[in-house]
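**Q** Have a look at this fold, sequence not included:
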């Protein structure tokens, strides 16, 4: 079963830090493009940060300079380091990843969403 699972969310005071992880499991060959999205109560899901296969990151203007996205293919895991957190960063954070994986002897690709992890920043 191929899937991605987020972890690392929690409750933190404004100005604090959290590190989110997105671990791919199954017969994973590689974790390619990774995106982190968040959904605040009553709002649409939005892209917070993404990293492409060649390592090029992109960030929403609201998190530039505070968040850092990375990917470790050896560990089949993506990360989102969040510093200087603000109350407006509160929401459920979702990982989306393009994975290459083995199905029998065949190498396949697919796009996967995690179940989300709650981040709450208190003022």
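**A** Nice, I can see it. These numbers were taken from a predicted model, which means no experiment stands behind them.
**Q** Am I right that residue 71 is in contact with residue 52?
**A** No. In this structure residue 71 lies outside contact range of residue 52 using CB atoms under 8 Å: 9.5 Å. Quick note: C-beta positions are derived from backbone N, CA and C, even for glycine.
**Q** Neighbour count for the two, which is higher?
**A** residue 71 (21 against 14; other CB atoms under 10 Å).
**Q** quick one: that one and residue 44, what's the gap?
**A** 25 Å (CB to CB, to the nearest Å).
**Q** Quick one: residues contacting residue 18.
**A** 8-10, 12, 82, 85, 119 (CB atoms under 8 Å, 6 or more residues apart in numbering).
**Q** Wasn't residue 115 part of a helix?
**A** No. The assignment for residue 115, made by DSSP: H, G, I helix; E, B strand; the rest coil, is coil rather than a helix.
**Q** Tell me which residues touch it, please.
**A** Contacts of residue 115 by CB under 8 Å, 6+ apart are 5-6, 94.
**Q** Switch these over to JSON lines; also include pLDDT.
**A** Shown next, in JSON lines, are the contacts of residue 115 (pLDDT from 0 to 100):
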{"residue": "5", "pLDDT": "96"}
{"residue": "6", "pLDDT": "96"}
{"residue": "94", "pLDDT": "98"}
